[in-house]
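Student: sequence and predicted structure, then a few things I'm wondering about:
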Amino acid sequence: MSRKKILHIEKLRGLSILLVFLFHMELPGFQNGSLGEDVFFVISGFLMATLYGTIGTRQQIESYLTRRMSRILPAYYVVIIVTIAASCFLLLPHEIRMVVEQGTWSAFFIPNIGFWTDTAYFDYTNFRPLLNLWSLGVEVQFYLLFPLLLFIERRSPTLLFILVIVSFLEFGLLNYIDPRTAFFLLPGRLWEFMAGFYIVRMSGMPEIEMSKLNLQVRNILGGAAIVLLLALLIASPSFSIDNTFFAICALIFLTMAAVSLGFSIGSESSPISQSLTLLGKYSYSIYLVHFPVIVLVNYSPFGGTVLSASGAGSVVTIVALTACLSFLLYNFVEIKTRTTLTGVQVCKIAAAFCAAIILLSNPLSNLSQYRLGPEVFKISSSLNDRDSFRCTFVMTLLEPFAASCQINKSLEDAEKRFLLVGDSHADAIKKPLAELLEANNQSLRLLKENSAIDQNNPVEDIISEALECGVDAIIIHSLPLPDEVAAVEQLVLAVQPHLLSIVYIDPVPIYSFDVPKKLLTDFQATGELQSLGKSLQSHLEEYQELHAGIEQLSRSYENFIRDRTGDFLCATGCLLSNEAGEPYYYDSNHLTLTGAALLEPIYQAISEL
């Protein structure tokens with residue numbers, strides 16, 4: 001690869017990492033900067049084809065894997081270790097557990113799969129300083145797959161091209177039906193790497209030989225591609241995770257043009273060129289370091305993943321820390337190990353790191369209990385006091401086309417079968433409800449649609465699934481919508497011909513503040529746990545109109561039963577925690593498993609219908 005080629009690739013790397021950095025700081029005008037990660041995918045495919053495009057023997061493949069892993073793993077593991085270590089001294093127990101879990105996924109090169117199986121990208125309740133490693137997971141998986149792709153190409157170039165087209169079509173389809181899968185997983189991203197790969201493969205074809213173009217013409221065309229690329233990433237309206245398909249297609253095309261044609265930004269000695277080249281040189285270290293720095297600098301207890309800087313001082317701190325740590329990581333880890341490690345040493349480092357993080361995960365998570373005390377530990381642990389969200393991956397895999405999933409053990413001879421319908425509040429009570437029903441030889445399914453009865457979860461669909469599953473009763477629990485009573489009555493009337501019962505569990509008390517955060521703040525201020533949230537009267541007045549309408553339905557229809565949550569959550573005032581200091585909520589309105597257990601009399605009454 002020529003010096004000229006190296007420089008323009010290095011500048012493109014520098015430009016991409018700058019855009020990604022500014023995007024993650026949520027600075028105005030860089031709302032599409034995350035697409036710079038896609039530019040890295042194209043560059044990776046280009047470099048793999050350029051540097052390793054002819055490997056084929058076992059010795060060559062072993063040498064290739066050693067060089068790739070030596071280039072990536074030492075700095076990658078150092079950042080994970082330092083982030084976890086910092087977390088143990090700065091964070092609350094539940095947040096440490098999240099970071100350790102992310103480190104565990106990353107140790108096995110599957111951070112992208114870990115985040116894919118978790119909740120939504122940038123979910124406000126989760127603390128994710130290692131979220132940026134998802135793209136490195138995709139990169140490593142591509143590197144491991146690359147020798148197989150070369151084998152397929154040698155056997156059948158047509159088959160390889162078909163695989164790339166399938167990846168492209170899969171990405172396009174998933175962007176509309178499951179954007180998170182398209183975003184996080186390699187199969188939908190493979191075509192981006194292969195776009196760079198085919199730049200190299202096509203460059204030798206006489207009919208498209210780029211070197212035949214005049215150097216000045218190539219630079220003009222490549223420069224135009226860069227200008228359009230910047231316009232797409234900076235001047236365009238914001239692209240969300242589920243509407244990026246056409247933007248990414250344009251981005252990949254422009255990146256291919258810039259990579260294959262080359263470009264120049266003035267003379268190589270100009271400040272802009274030198275700055276981009278320097279950023280490109282440090283791009284890998286910057287990418288590893290910048291995101292944990294942003295998240296940890298902006299950290300506040302129970303604050304989740306906060307990216308936007310709070311002011312000029314915060315911006316300066318983030319930039320300075322990122323620059324210093326990237327310099328140290330590059331000069332004392334990255335360049336020291338990229339050519340000195342053997343294959344055996346790389347394997348030993350990876351195995352030792354994976355074993356260590358598995359063995360230390362629980363001790364590290366519990367370490368802060370001694371630093372913070374049992375009261376804070378219990379408050380923090382409320383964020384882990386909940387079941388996996390909605391239907392798990394395994395549940396969905398077992399019944400991919402069903403509208404609901406089996407929550408407790410599937411009972412062929414179940415005495416009664418129930419279908420739980422509702423939003424995340426139904427999800428919060430599903431585990432204790434399912435356990436009690438299973439103890440009584442009864443079955444519970446949960447509707448996959450995370451919604452109250454509305455246009456996203458119409459009555460017809462609920463009844464169809466209830467009949468398909470042969471349930472005896474439908475249980476409703478959610479935060480109410482404005483037309484809640486009318487929607488519930490519509491369902492009650494619709495199920496009457498099918499002799500189904502409807503059980504309505506009243507909404508739980510909700511608050512204008514995050515309950516664990518308030519408990520922590522009050523405890524730190526007074527040294528005592530303040531457990532009273534609101535009065536029963538206040539709760540009843542908040543839902544006065546809804547309660548009146550639901551009560552009227554319970555008197556009008558024999559197949560409709562109402563259960564009052566206030567009777568159990570607010571018997572002596574609506575409480576935020578129990579006497580042991582364990583919170584009843586993990587945010588402002590969702591019950592923990594500890595809180596949901598208070599509704600056991602309701603679950604028992606449902607079982608005895």
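Tutor: Good, I have the coordinates. Numbers count the residues shown, from 1 in each chain.

Student: element containing Ile561?
Tutor: strand 560-563 (DSSP states H and E).

Student: what mean pLDDT does that strand have?
Tutor: The predicted model assigns strand 560-563 a mean pLDDT of 95.

Student: what's it in contact with?
Tutor: 488, 492, 501-506, 550-551, 553-554, 602, 605-606, 609 (CB atoms under 8 Å, 6 or more residues apart in numbering). C-beta coordinates here come from the backbone N, C-alpha and C atoms, glycine included.

Student: helix or strand for Phe40, which one?
Tutor: Here Phe40 is assigned to helix 36-52, by DSSP H and E.

Student: just the CA trace of that helix, in PDB.
Tutor: Extracted in PDB, the C-alpha atoms of helix 36-52 (Å, rounded to 0.1, in the frame of the first residue of the first chain):
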ATOM      1  CA  GLY A  36     -18.900   7.000  11.400                       C
ATOM      2  CA  GLU A  37     -18.800   3.500  12.900                       C
ATOM      3  CA  ASP A  38     -20.100   2.200   9.500                       C
ATOM      4  CA  VAL A  39     -17.100   4.000   7.800                       C
ATOM      5  CA  PHE A  40     -14.800   2.000  10.000                       C
ATOM      6  CA  PHE A  41     -16.500  -1.200   8.900                       C
ATOM      7  CA  VAL A  42     -15.700  -0.400   5.200                       C
ATOM      8  CA  ILE A  43     -12.100   0.600   6.100                       C
ATOM      9  CA  SER A  44     -11.700  -2.700   7.900                       C
ATOM     10  CA  GLY A  45     -12.900  -4.800   5.000                       C
ATOM     11  CA  PHE A  46     -10.600  -2.800   2.700                       C
ATOM     12  CA  LEU A  47      -7.600  -3.300   4.900                       C
ATOM     13  CA  MET A  48      -8.300  -7.000   5.400                       C
ATOM     14  CA  ALA A  49      -8.400  -7.600   1.600                       C
ATOM     15  CA  THR A  50      -5.300  -5.500   1.100                       C
ATOM     16  CA  LEU A  51      -3.200  -7.000   3.800                       C
ATOM     17  CA  TYR A  52      -4.500 -10.500   4.100                       C
END
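
Student: show me the helices in the stretch 501-609 of the chain, by range?
Tutor: Remark: helices of the stretch 501-609 of the chain, listed N- to C-terminal, are 515-526, 536-542, 544-556, 566-569, 593-596, 600-607; assignment by DSSP state H, counting those that start in this stretch.

Student: and the first one, what's its mean pLDDT?
Tutor: It stands for helix 515-526. The model assigns helix 515-526 a mean pLDDT of 92.

Student: C-alpha coordinates for it, PDB please?
Tutor: This file holds the C-alpha atoms of helix 515-526, laid out as PDB (Å, rounded to 0.1, in the frame of the first residue of the first chain):
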ATOM      1  CA  VAL A 515     -38.000   6.100  44.200                       C
ATOM      2  CA  PRO A 516     -34.600   4.400  44.700                       C
ATOM      3  CA  LYS A 517     -32.800   7.700  44.000                       C
ATOM      4  CA  LYS A 518     -35.100   9.600  46.500                       C
ATOM      5  CA  LEU A 519     -34.500   6.900  49.100                       C
ATOM      6  CA  LEU A 520     -30.800   7.200  48.700                       C
ATOM      7  CA  THR A 521     -30.900  11.000  48.800                       C
ATOM      8  CA  ASP A 522     -33.000  11.000  51.900                       C
ATOM      9  CA  PHE A 523     -30.800   8.500  53.600                       C
ATOM     10  CA  GLN A 524     -27.700  10.400  52.800                       C
ATOM     11  CA  ALA A 525     -29.300  13.600  54.100                       C
ATOM     12  CA  THR A 526     -30.900  12.200  57.300                       C
END
